[in-house]
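1. next comes the sequence, and after it the predicted model I'd like to discuss.
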Amino acid sequence: MDRPDYEREYFARGYTAVAGVDEAGRGPLAGPVVCAAVILPVEEEKLISGVDDSKKLSAKRRERLAEQIKAAARAYCVVEVGEDVIDEINILQATRLGMKRAVEGLSVLPDFVLTDGNMTLDISVPQRSIVKGDALVYSIGAASILAKTHRDALMRAYAEEFPVYNFAKNAGYGTAEHIRAIREHGICRIHRRTFIKKFWDGRENPSSADT
């Protein structure tokens, strides 16, 4: 997906700053959901080769593309919404909030927004949500890469603080190893309590010193 066909469609209608928005981390048992918004140039000579749904790319490829996207972007913004907010308002609303903040955090004000999935945002500019947009839409794919690489780096840092959960490998997702660690050691401060009720016995693991 190297061609910004959707973006060019809206440029042809008179829009001048079309932003793509996506998230990473809706499903994990731990850590924030990360949302990214990006406005990329659509001139042929400025296109980035290889942009795609971040899940289809290797970690090394994502990292290289993330740096290219940041360098080329007219504007980008990455936002974290933490586990406390996820537990308070639920993951869907936390994702909407993160996407809204990412859009509003752009240094260039977008005049049209493309979002992945079926996500309506509380923003003042026109928007369109596209199912599987991260695989179909150039700027949404780029946003998915920014969100994924940011979240993966964050979870690697948490892995050093809370080594028993192996966040560097599972990124907070509910692998058998991760669930076993929760049952053996309790939870740490970045776990989403509303996500782990079925296998959490109420014990907490408040710091890495206890792991």
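-> Great, that's in hand.
2. off-centre distance for stretch 97-114?
-> For stretch 97-114, the distance from its own C-alpha centre to the chain's C-alpha centre is 14 Å (CA atoms, centre = their mean, to the nearest Å).
3. what's the end-to-end length of that stretch?
-> 15 Å (CA to CA, to the nearest Å).
4. where does the closest residue to residue 156 other than its chain neighbours sit: helix, strand or coil?
-> Of all residues beyond its chain neighbours, the one nearest residue 156 is residue 168 (4.7 Å), with distances taken as CB to CB, 6 or more residues apart in numbering. C-beta here means a position set from N, CA and C on the backbone, and glycine is covered the same way. On the three-state scheme (DSSP: H, G, I helix; E, B strand; the rest coil), residue 168 is labelled helix.
5. residue 168 contacts residue 155, doesn't it?
-> Yes. Using CB atoms under 8 Å, residue 168 is in contact with residue 155, at 6.7 Å.
6. of those two, who's got more company?
-> Higher neighbour count among residue 168 and residue 155: residue 155, with 25 against 14, using other CB atoms under 10 Å.
7. for the residue nearest to residue 156, give me its contacts.
-> 155-156, 159 (CB atoms under 8 Å, 6 or more residues apart in numbering).
8. any chance of these in TSV, plus pLDDT?
-> Converted to TSV, the contacts of residue 168 look like this (pLDDT from 0 to 100):
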residue	pLDDT
155	98
156	97
159	97
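9. of these, closest to residue 90?
-> Comparing the contacts of residue 168 against residue 90 with CB to CB places residue 155 closest, at 21.2 Å.
10. residues near residue 74, how many?
-> 16.
11. can you tell me the closest non-neighbouring residue to it?
-> Distances taken as CB to CB, 6+ apart place residue 39 nearest to residue 74, at 4.4 Å, with adjacent residues excluded.
12. now do that neighbour against residue 45, distance only.
-> 17 Å (CB to CB, to the nearest Å).
13. who touches the helix or strand of the chain with the lowest mean pLDDT?
-> Here the helix or strand of the chain ranked lowest by mean pLDDT, DSSP states H and E is helix 133-136, holding a mean of 92. The contact list for helix 133-136 (CB under 8 Å, 6+ apart) reads 1, 6, 20, 22, 52-56, 114-117, 130, 140-141, 143-144.
14. which of those residues fall in strands?
-> Using DSSP state E, the members of these that fall within strands are 20, 22, 114-116, 130.
15. may I see the buried residues of the longest helix that the chain contains?
-> Longest helix in the chain, counting residues (DSSP state H): helix 138-161. By neighbour count on 16 or more other CB atoms under 10 Å, the buried set for helix 138-161 is 138-152, 154-155, 158-159.
16. what does stretch 59-73 give?
-> In stretch 59-73, counting by 16+ other CB under 10 Å, buried: 62-66, 68-69, 73.
17. equivalent analysis for stretch 15-30, please.
-> By neighbour count with 16+ other CB under 10 Å, stretch 15-30 contains the buried residues 17-25, 28-30.
18. from those residues, which single one is nearest residue 102?
-> residue 21 (6.1 Å).
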